[in-house]
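Colleague: Sequence plus predicted model, see below.
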Protein chains: 2
Amino acid sequence: MRLSPWPVSPRAIKTFILLCVFASLRLTSAAQTWIWYPGDYEIWLANQMQNRRTERGTFFPVFWKVDSHYPLMDFHKIVELNQPETVRIYAEGKYNIKLDGKPFEGTPAMITVPAGKHKLNVKVFNQATPPAIYVEGKTIKSDSTWLVTFEDKEWIDESGKTSDVSTTKWLQAGQWNFNTPAQRPSLFKLPTQPVQAVTSQKNGNNLLVDFGKETFGFVKLKGVQGKGRLTVYFGESKEEALDPEHAETLDRIDIDQKTSKDTVLQLSKAFRYINIVPGGSVKVKGASMLYEYSDLPDKGGFKCSDEEINKIYEVAKYTLHLSTREFFIDGIKRDRWIWSGDAYQSYLMNYYLMNDNATVTRTMYALRGKDPVTSHINTIMDYTFYWFLGIYDYYLYSGDKSFIVQNYDRMKSLMDYVLGRRNKDGLLEGLPGDWIFIDWATGLSKKGEVSFEQLLFARSLETMALCSGLVNEKDAAAKYQSLAADIKKKLFDYYWNEQKQALVHSRINGKPTDNVTRYANMFAVFFDYFNGQQKAAVKNSVLLNKNVPKITTPYMRFYELEALCALGDQGIVLKEMKDYWGGMLRLGATSFWEEYDPSKKGAEHYAMYGRKYGKSLCHAWGASPIYLLGKYYLGIKPTAPGYVQYTVAPVLGGLQWMEGAVPTPAGNINMYCSTSEIRISAPVGTGKLVITSKTQPECKEGTIVSKGNNVYELTIEKNKEYKVLYKAI
Amino acid sequence: MRLSPWPVSPRAIKTFILLCVFASLRLTSAAQTWIWYPGDYEIWLANQMQNRRTERGTFFPVFWKVDSHYPLMDFHKIVELNQPETVRIYAEGKYNIKLDGKPFEGTPAMITVPAGKHKLNVKVFNQATPPAIYVEGKTIKSDSTWLVTFEDKEWIDESGKTSDVSTTKWLQAGQWNFNTPAQRPSLFKLPTQPVQAVTSQKNGNNLLVDFGKETFGFVKLKGVQGKGRLTVYFGESKEEALDPEHAETLDRIDIDQKTSKDTVLQLSKAFRYINIVPGGSVKVKGASMLYEYSDLPDKGGFKCSDEEINKIYEVAKYTLHLSTREFFIDGIKRDRWIWSGDAYQSYLMNYYLMNDNATVTRTMYALRGKDPVTSHINTIMDYTFYWFLGIYDYYLYSGDKSFIVQNYDRMKSLMDYVLGRRNKDGLLEGLPGDWIFIDWATGLSKKGEVSFEQLLFARSLETMALCSGLVNEKDAAAKYQSLAADIKKKLFDYYWNEQKQALVHSRINGKPTDNVTRYANMFAVFFDYFNGQQKAAVKNSVLLNKNVPKITTPYMRFYELEALCALGDQGIVLKEMKDYWGGMLRLGATSFWEEYDPSKKGAEHYAMYGRKYGKSLCHAWGASPIYLLGKYYLGIKPTAPGYVQYTVAPVLGGLQWMEGAVPTPAGNINMYCSTSEIRISAPVGTGKLVITSKTQPECKEGTIVSKGNNVYELTIEKNKEYKVLYKAI
């Protein structure tokens, strides 16, 4: 989303779309795989995952509408064969198979398709899990080129003539990586691996086990024997595990076994410590665990001359990995839910680390759910907007246009919902049932028309305009563009306070307040909504102004630091990172937290929501250094979808050297940068290396062009290695 | 729906609503029972049932969108207790329980609710079957007074404060008759009872078994032994069972057993005959069956001096019972699906026979499915309209206003869908993907704007106007009323042909055709859209005009004969019944057919859809004599919801005598009527007995008032018996 400048003029959109077309020429993968209706498996899997949350042993489900897959699905493909082919069919559900509209008797596991051009249909009913098929022939294979619909409208009249199916809407089949018949999608589980405890401490019959760092998985109790109820208290901190009254999560199991046996707890959970409290005659010898994880290798990486920053980067990586499961979730101890605002940050970090498209699209499908839209995503207005922003980012980083095509109807109906909730001035304020979240911050006003929400609304409309262009809905594109321009104009007309040189927080009863908060101001910097003068002003009047209420969540620090980076203040940000994230590390954090207030002491840090251990100590939004270091220090970002074009503008920000890799769809862009030398190579597109130097830099592999003001540019061609010698300012 | 005159003027609506209020004062049943989100269990059960259709052993699902229950549901109830109460909770799904917002640990099967006023919540997740609960205390009981929602929006802010839930929409819980903890809704099955075959005929290894009449259930093969594949061919006719190439349904099972054993086939099916064809070394000794049925006793009844009519009535009853299963289905052999137009007729017949509300509402929930509306009901435009008409009838006959309240949002969004498909003249024509059904009739034009569809559209809008009034949506009521008036006006402006004295069939390219069909004309008679002069004209110009294409389905004969009855031509209709339904009986029918053309011969009667045995020989729409005899011969019908007011206008139509009972919510209205005597008693409301007599009738139990023109009226009070002596004209 952070294209700078954001191409919003009609001409810019046109250029942009042109670039997109090139980007989407890459063939989509056609591996033989289990297929389903796009979004349906994702929604179903999210239901499974999100309904595993418990709080003190009590099932704790979400409070918004939960959708289901379509239980009845038609899959089809038109094939052309030179010779007859034997095809095996596997299905999750009751099914039939038709060849050129004629059904085979029964539910054959194998059919023969004659030579020539034929249409193959498989229709599947499954109420409990998403209808899915796997088709295996020599040339006929189930993949995303199959078309799917939930209403084929294939009726016949009294003479047997078939119906008009011209309006039946087919989408391309959804898939993931279930590439063998045995990998039935409904059986999917994350992998696990055994991990031993670091220390174990007896306390009477009780046993306190420390796994050395924040982790997630299934506790395995060793040598359980006797009769009685056993309780396991989980703790992200030692204090929590040892506090039976207030530990956020626990498991109780009834034991009745004469001989000693190992027992694996059914539900995987987050913890560093566990406190095992056996009741009755129960005895337990010890505990280990099965670490449960999403097996996504790191593609990107970062290393630099500052060891504290390196440590912060490593812990951020671990935090992101723990929170990246079937989906990008918020935190691992408590919610374990998919929250759009949290996930949005995970997407961005992901593009600089694992760069896994499937987790991004899966998360966005799950968040969007199905029509009708009955509330904002997660009930939160801002979270609806982050969903839109996330789609555009995804397209920019991945170049995967098909997701936008498949998703466009859902984008439109969600935006219709938003548009239906505008007030008489065309702005959005919280209506009954809307949650205006913004951030966890005491006393933050949510009343009236909050500037931050209008800003996200404008950006979402711009996203709709761009995506409408991509699917050739020209009228829609023009409509959204004009709506976006209107909101943007109002943002400055209504909220810009000349005296304060800032956007104010809100309007109440049609009147702007004089309350300045950071939110809208920092987003307007990196959305490039401010002009140069406003940016310079806001830096001092808001970002560096200690009188403006400070931010205490890593969630909004993400954007605060991004704004400073976008203003070229990597030096300041480096110091902030070392203070803030370094501060958590100095308190013994092994993963980054939901909230961090340096003024608190000891176990106070664990409290939130009025509960002693309410805070999550491993929260995805704590991992933002991954993104900041990749995008604003290595300085690598796409400027056309899928890195067909990109820029590299390294900024050391006080470091002596740094090196790293940023993943693209075609592989990594690798870079080393010190105060005197840059080495770079890229497997994709055409890049611009932007160098700020006192003197003309040298590079024998390419031509460096001066852009004035000590700025130089080198064009980076695909698959070439460059070495630039320069003198940093 | 057949209120006459239909109260469509604003004043009439007001009066009508007033009557409704009285009608709905009856307490809704509060038996302790399993509860769920209204419509969700019904939709789920329909999915189970409709996906049991097979054609020649092949799974044959529907071709429209199939919906699901909400997998996550919150149930709550505010209780007030004088003393603490122990409550048992049973749930289908994973659940939690909260008392005044505070969760109990784990998933307790029993809790104690303290004395005082408390809020009890149970939240259930179940992906495979609808979330449902059964709560059992001394005074706390799950029933339809519990409220349910699929999005409780109960978030908390960082301080633990709970959210604004003011827009959360709660409905009253849905229920049926699962009144014990063990009767889990997801386990529901129709009851069965063993039935023996009538004859059995060996033919080599094969065995042709005749059960004597059309039936439905599970075939039980006796003494099965040997190894090989066994096929059972089902036949509604002997010809079908004996035609292995063309029998519509069959079952194949692989047998491998050394000792002789009985085997019950897994899928219940329709048949009179079965032909058992064992392969390999398989031997079968014989067959019986488990008759599967919906256990609905007959409340209404009819008997008269004409034995053929009595026989027709009995076979109609059997036909309706066979087609009344979990839902009102079309026919038992082939589709076994819920079709709105077919079900609409079953509702009406039901009101004169079993009078079971649950099957009506269950069927309407299943047909409607969920938002978003993506096509007409069953993809058929007319079927959307029958759904609206059915709701109003249901209210009229049952007085159950709560169904309209619970359903109103679904009515509105379906009507929105319809309104969104009007053309520039505000009329409806078939858009791509719309099925204009009307009737099975060769060569029937579906082009342009068909008058019949506009007429049903007008009537549906009137229904919306009335129901909007019932739920106090006054603006909506006015809007629908004005839309209805507009369509009605256009119906006469565009389609009434003075020369032909009839509504013509359609407009094509804005021009009325001169094609006259019966459909719009007969409906306009009993909808009372025609004035007296038009009615009289249409009787000869259309109904009795042999040049207008005749109707060959019992489906449209239903309405054709109703129109004649509404015109007072019970004499003609009696003859038609004897000809048409009597004609099927003379051909050996044991249930009434999907279509009957007297000009066909022998096995030709079994063909349809271009298939030798494509026709269903037991089709609900064949049972209309039940409705005609009850409503137009006994002449009993409600004139206010739930029979708070009703009329009885008996017409012998050539019979010497008739007697019968018509069910009302409070019990049966019983009547005997001959050419000289009427005896009547009613357990409900106030009725008007309308007598046509040469001379002043006598009744010592009440006062008979002359209305002129040989018409006399007697007011019938609740729970009194009347005997009227009169002389028929």
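Modeller: Done, it's in. Numbers count the residues shown, from 1 in each chain, chains lettered A, B, ... in the order given.
Colleague: quick one: the lengthiest helix in chain A to chain centroid distance?
Modeller: In chain A, with assignment by DSSP state H, the single longest helix is helix A:474-495. How far helix A:474-495 lies from its chain's middle: 27 Å, per C-alpha atoms, centre = their mean, to the nearest Å.
Colleague: Quick one: list the elements packing against whatever helix or strand comes next after it.
Modeller: Downstream of helix A:474-495, the first helix or strand assigned by DSSP states H and E is strand A:496-497. Counting contacts by 3 or more C-beta pairs under 8 Å, 6 or more residues apart in numbering or on different chains; DSSP states H and E, strand A:496-497 packs against strand A:502-503. Yep, even glycine has a C-beta here, placed from its N, CA and C like the rest.
Colleague: and the strand it packs on, what other elements does it pack with?
Modeller: Against strand A:502-503 (3+ C-beta pairs under 8 Å, 6+ apart) you get strand A:496-497, helix A:518-526.
Colleague: Could you name the specific helix or strand carrying residue A:415?
Modeller: helix A:401-419.
Colleague: Mind listing the strands the helix or strand following that helix pairs with, and their directions?
Modeller: Once the chain leaves helix A:401-419, the next helix or strand it forms, by DSSP H and E, is strand A:449-450. Pairing partners of strand A:449-450, with direction, according to DSSP bridges: strand A:506-508 (antiparallel).
Colleague: Please pull up the helix or strand immediately following the partner strand.
Modeller: Taking DSSP H and E as the definition, the helix or strand right after strand A:506-508 is strand A:511-512.
Colleague: I'd like the average pLDDT over that next one.
Modeller: Regarding strand A:511-512, the rounded mean pLDDT is 97.
Colleague: Point out the residues in the stretch 351-500 of chain A that sit beside chain B.
Modeller: The stretch 351-500 of chain A comes close to chain B at residues A:371-372, A:374-375, A:379, A:413, A:431-433, A:435, A:440-442, as judged by C-beta under 8 Å from any C-beta of the partner chain.
Colleague: Taking the stretch 551-700 of chain A, what residue is nearest to chain B?
Modeller: residue A:610 (3.7 Å; C-beta to the nearest C-beta).
Colleague: For that residue, give me the pLDDT.
Modeller: 91.
Colleague: That one: neighbouring residues, count only.
Modeller: Neighbour count for residue A:610, taken as other C-beta atoms under 10 Å in any protein chain shown: 11.
Colleague: Would you tell me which residues of the stretch 101-250 of chain A are close to chain B?
Modeller: A:103-107, A:123, A:125, A:127-129, A:150-160, A:163-168.
Colleague: Show the buried residues in those residues.
Modeller: Neighbour-count burial (16 or more other C-beta atoms under 10 Å in any protein chain shown) applied to those gives A:103-104, A:106-107, A:123, A:125, A:127-129, A:150-155, A:157-158, A:163-165, A:168.
Colleague: Could you provide the helices and strands packed on strand A:502-503 in CSV, with additional columns for mean pLDDT and mean neighbour count?
Modeller: Shown next, in CSV, are the helices and strands packed on strand A:502-503 (pLDDT from 0 to 100; neighbours: other C-beta atoms under 10 Å in any protein chain shown):
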stretch, mean pLDDT, mean neighbour count
strand A:496-497, 98, 16
helix A:518-526, 98, 26
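Colleague: Including distance to residue B:552, could those go into a markdown table?
Modeller: Output for these, formatted as a markdown table (distance: least, C-beta to C-beta, whole Å):
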| stretch | distance to residue B:552 |
| --- | --- |
| strand A:496-497 | 75 |
| helix A:518-526 | 69 |
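Colleague: Let's see which of the buried ones among the residues of the stretch 101-250 of chain A next to chain B end up in strands.
Modeller: A:103, A:123, A:125 (DSSP state E).
Colleague: By pLDDT, give me the weakest of these.
Modeller: Scoring these by pLDDT puts residue A:103 last, at 95.
Colleague: surely that residue meets residue B:57?
Modeller: No - the pair residue A:103 / residue B:57 is not scored as a contact, 9.4 Å apart, by C-beta atoms under 8 Å.
Colleague: which residue packs closest to residue A:705, ignoring adjacent ones?
Modeller: Spatially, and ignoring its direct neighbours in sequence, residue A:705 is nearest to residue A:713 (5.0 Å; C-beta to C-beta, 6 or more residues apart in numbering or on different chains).
Colleague: where does the one you found land in three-state SS?
Modeller: strand (DSSP: H, G, I helix; E, B strand; the rest coil).
Colleague: partners of it in the sheet?
Modeller: Bridge pairing for residue A:713 - DSSP bridges - gives residue A:690, residue A:705.
Colleague: ok now do whichever residue of the stretch 351-500 of chain A sits closest to chain B, which residues does it touch?
Modeller: Proximity of the stretch 351-500 of chain A to chain B (C-beta to the nearest C-beta) peaks at residue A:433, 3.4 Å away. Contact analysis of residue A:433 by C-beta atoms under 8 Å, 6 or more residues apart in numbering or on different chains lists A:375, A:379, B:153, B:164, B:165, B:166, B:167, B:168.
Colleague: distance of the residue lying farthest from the centre of chain A from residue B:614?
Modeller: Taking C-alpha atoms, centre = their mean, the residue of chain A most remote from its mean C-alpha position is residue A:159, at 52.7 Å. Noted for residue A:159: a distance of 10 Å to residue B:614, by C-beta to C-beta, to the nearest Å.
Colleague: ok, now residue A:488?
Modeller: 63 Å.
Colleague: repeat for residue A:674
Modeller: Where residue B:614 is concerned, residue A:674 sits at a distance of 82 Å (C-beta to C-beta).
Colleague: Could you do residue A:310 as well?
Modeller: For residue A:310, the distance to residue B:614 - C-beta to C-beta - is 76 Å.
Colleague: Give me the mean pLDDT for the top strand by length along chain A.
Modeller: Counting residues, the longest strand in chain A under DSSP E turns out to be strand A:206-235. Confidence for strand A:206-235, expressed as mean pLDDT, is 98.
Colleague: before we move on, what about stretch A:547-561?
Modeller: 95.
Colleague: Give me the contact list for that stretch.
Modeller: By C-beta under 8 Å, 6+ apart, stretch A:547-561 touches A:341-342, A:345, A:439-441, A:444, A:516-519, A:522-523, A:526, A:542-543, A:573, A:576-577, A:580-581, A:592-597, A:619, A:621-624, A:627-628.
Colleague: which residue sits closest to residue A:392, ignoring its sequence neighbours?
Modeller: With C-beta to C-beta, 6+ apart, the residue lying closest to residue A:392 is residue A:463, at 4.5 Å.
Colleague: Can you identify the element that follows the lowest-mean-pLDDT helix or strand in chain A toward the C-terminus?
Modeller: Sorting the helices and strands of chain A by mean pLDDT, DSSP states H and E puts helix A:10-23 at the bottom, at a mean of 43. Downstream of helix A:10-23, the next assigned helix or strand under DSSP H and E is strand A:35-36.
Colleague: Show residues contacting that following strand.
Modeller: A:69, A:73, A:75, A:130-134, A:142-144, A:146, A:148, A:173-175, A:185.
Colleague: change it to 10 Å
Modeller: Here strand A:35-36 makes contact (C-beta atoms under 10 Å, 6 or more residues apart in numbering or on different chains) with A:41-42, A:44, A:69-70, A:73, A:75, A:77, A:92, A:122, A:124, A:126, A:129-135, A:141-146, A:148, A:172-176, A:178, A:185.
Colleague: Drop anything exposed from these.
Modeller: A:41-42, A:44, A:69-70, A:73, A:75, A:77, A:92, A:122, A:124, A:126, A:129-135, A:141-144, A:146, A:148, A:172-176, A:178, A:185.
Colleague: Among the residues you listed, which ones are in strands?
Modeller: Using DSSP E, the subset of the buried ones among the contacts of strand A:35-36 located in strands is A:73, A:75, A:77, A:92, A:122, A:124, A:132-135, A:148, A:172, A:174-175.
Colleague: Widest-spaced pair of those?
Modeller: A:92 and A:172 (18.8 Å; C-beta to C-beta).
Colleague: do you know how far the closest residue to residue A:184 other than its chain neighbours is from chain B?
Modeller: Nearest non-adjacent residue to residue A:184, counting by C-beta to C-beta, 6+ apart: residue A:92, 5.7 Å away. Counting by C-beta to the nearest C-beta, to the nearest Å, the gap from residue A:92 to chain B is 13 Å.
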